[in-house]
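Trainee: Predicted model and sequence below, questions to follow.
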Amino acid sequence: MMNKPQSLGRYFILRVGAFFLVFIAIWIQVATWVYHFAWDDTTEHYLYQDLALAHSGQLTLPLMTQEKFIGFLDDMPLEYQAVLNIDDIEFEHTFLLPSVNGDMYVLKSEDGEGRSLFVIHFFSHQDSPSLVPIFIVLSSFMLIPLGLLVWRIWRAMSRDLNRVTRSLETDEVPSARFIEMSELQSMVKMARFAQQHAQKQERLFSAFLSHEVRTPLTHIHHSMSRLQQIDEIPLAALDVLDELERGQQALTDIAEAVLLLSHPNKAKLGRHALLPWLMRWQTKWREHGLSIELVNEYKVGKQAIEPKLFELLLIQVAKNALQHGDGALRLRCDEDGLVFDNTIKAKPTHSGHGLGSQILSQVCDCFGWKLNVQIDSKYTLSINWKPTNTELG
């Protein structure tokens, strides 16, 4: 199912904003870890600085304050000894050891006499401020250059989109900044030219078809009228003239319907009852040897049609049944549409070129109906003039 269309600017801002939020969250977490575990070597620098002072003899050992201890294991507070006795501390390495009241950064070394010398920096949980608010403030300041960058990118894209839109309204082809926009602009121009060319060819073809079809039909009509005015026509020729007149009228109706189908915008649809047309269609084709069975014909109401096009549709259905079918043609009617079906010939005499199917499809498109063809042991043609729930959604 296709998603609801949305603005390109909104799509771009949402994606960049989501990426920024994820990036900031990861950055704050990593920065907090770096600070807490002293990954930036800052704490290690101060530990070695105090160790150098201890080795130089400038300090009186043990040195103990609230934040610092420099001395030997026996001299340190019991809380520190309890933590150090649990872990195995290597020489010349800094360690972060958690205690009950805070965190201890420990560096173990040796004095001149080979005794274990400890440098401990202690940070209380209460005295250590949280860095998360500071990181959030820094992230807020980062929004300014990021917002400016996003705005400049979107402005450049918007200008290119406006150039493409203007090029559709005029023949001017302004240069695009982005390659993708330039290619889109070229494709739209080519599609527009192809559409205009196709419309021009369609108008020329329709005018040619109208002239070439109506002119001989007019000549035939005038010739039939002149023949009917001649008194000396033999009586045996009257039946032939009547048959020619019926053929000429049928050909005229089909020609007008086909010409009308080539201009679907000219087909003014109106609501008509379909049952009278189906009854006349049944009677007419019975004379041509086609038996048509109507099922539930009383369920057919009024539909928006153009009478000549609807008659053309019925003619094509009947011709297909005569040419390819075997036996009676059955028409099932209901409130949703029409279903034609008949048995297919075992060995069809002629496969046809599909012109009748194309006419059926175009007529249904003109009426806004949905056409479906299924071929198995029977040829079933379904016409649905009510959209399904899937199509509505």
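Mentor: Structure's in. What do you need? Everything quoted here is computed from the prediction, not taken from an experiment.
Trainee: quick one: residue 374 from residue 385, how far?
Mentor: Here the criterion is CB to CB, to the nearest Å. By it, residue 374 lies 18 Å from residue 385. To be clear about C-beta, it is placed using only N, CA and C from the backbone, and glycine gets the same treatment.
Trainee: out of the two, which sits in the more crowded spot?
Mentor: Using other CB atoms under 10 Å as the criterion, residue 374 and residue 385 rank with residue 385 on top: 16 against 11.
Trainee: In contact with that one, which residues?
Mentor: By CB atoms under 8 Å, 6 or more residues apart in numbering, the contact list for residue 385 reads 303, 336-337, 367-370.
Trainee: so what's it closest to, chain neighbours aside?
Mentor: Spatial nearest neighbour of residue 385, chain neighbours left out: residue 369 (4.6 Å); criterion: CB to CB, 6 or more residues apart in numbering.
Trainee: looking at this protein, which helix or strand does the model trust least?
Mentor: helix 389-392 (a mean of 36; mean pLDDT, DSSP states H and E).
Trainee: Out of the contacts of residue 385, which comes closest to residue 380?
Mentor: Residue 380 has its nearest neighbour among the contacts of residue 385 in residue 337, at 12.2 Å by CB to CB.
Trainee: which residues does the closest residue to the closest one other than its chain neighbours bridge with?
Mentor: Once flanking residues are discounted, residue 337 sits nearest to residue 384: 4.1 Å by CB to CB, 6+ apart. For residue 384, the beta-bridge partners are residue 337, residue 370 (DSSP bridges).
Trainee: What count of nearby residues applies to residue 384?
Mentor: Neighbours of residue 384 (other CB under 10 Å): 17.
Trainee: likewise residue 166?
Mentor: Residues near residue 166, counting by other CB under 10 Å, number 12.
Trainee: Please point out which parts of the helix or strand containing it sit buried.
Mentor: If you go by DSSP states H and E, residue 166 is part of helix 132-169. Under the neighbour-count criterion of 16 or more other CB atoms under 10 Å, helix 132-169 has 135, 139, 146, 150, 157, 160-161, 163-164, 167 buried.
Trainee: domains in the chain, as residue ranges please.
Mentor: With domains defined by automatic domain parsing, the chain comprises 42-124, 178-266, 268-392.
Trainee: On the pLDDT front, check residue 8 for me.
Mentor: Residue 8 carries a pLDDT value of 68.
Trainee: just to revisit the earlier point, can you add pLDDT and give the buried residues of helix 132-169 back as CSV?
Mentor: Listed next are the buried residues of helix 132-169 as CSV, based on pLDDT from 0 to 100:
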residue, pLDDT
135, 71
139, 74
146, 77
150, 78
157, 77
160, 76
161, 77
163, 75
164, 73
167, 70
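Trainee: For those residues, could you give me a markdown table that also reports distance to residue 114?
Mentor: A markdown table is the format used below for these (distance: CB to CB, whole Å):
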| residue | distance to residue 114 |
| --- | --- |
| 135 | 45 |
| 139 | 50 |
| 146 | 57 |
| 150 | 63 |
| 157 | 71 |
| 160 | 75 |
| 161 | 77 |
| 163 | 81 |
| 164 | 81 |
| 167 | 86 |
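Trainee: Quick check: the two most widely separated of those?
Mentor: Using CB to CB, the pair of these lying farthest apart is 135 and 167, separated by 47.5 Å.
Trainee: most distant residue from the middle of the chain?
Mentor: The C-alpha centroid of the chain is most remote from residue 113, which lies 78.7 Å away (CA atoms, centre = their mean).
Trainee: and the end-to-end length of stretch 257-268?
Mentor: 13 Å (CA to CA, to the nearest Å).
Trainee: what about residue 319, distance to residue 25?
Mentor: Separation of residue 319 from residue 25 (CB to CB): 71 Å.
Trainee: Any regions of the stretch 1-150 of the chain where pLDDT drops low?
Mentor: In the predicted model of the stretch 1-150 of the chain, residues 1-3, 5-9, 32-42, 100, 125-132 satisfy pLDDT under 70.
Trainee: what number of residues lie near residue 310?
Mentor: For residue 310, the count of nearby residues is 21 (other CB under 10 Å).
Trainee: Identify the residue nearest it in space, chain neighbours excluded?
Mentor: Counting by CB to CB, 6+ apart, residue 310 lies nearest to residue 277, which is 6.2 Å off, once chain neighbours are set aside.
Trainee: Equivalent analysis for residue 51, please.
Mentor: residue 119 (5.0 Å).
Trainee: is it fair to say that neighbour lies in a helix?
Mentor: No - Residue 119: not assigned to a helix; according to DSSP: H, G, I helix; E, B strand; the rest coil it is strand.
Trainee: For beta bridges, what are the partners of it?
Mentor: Legend: beta-bridge partners of residue 119 under DSSP bridges are residue 70, residue 107.
Trainee: Does it touch residue 106 like I think?
Mentor: Yes - at 7.4 Å, residue 119 counts as touching residue 106 under the criterion of CB atoms under 8 Å.
Trainee: which of the two has more neighbours?
Mentor: Per other CB under 10 Å, whichever of residue 119 and residue 106 has more neighbours is residue 119, with 24 against 21.
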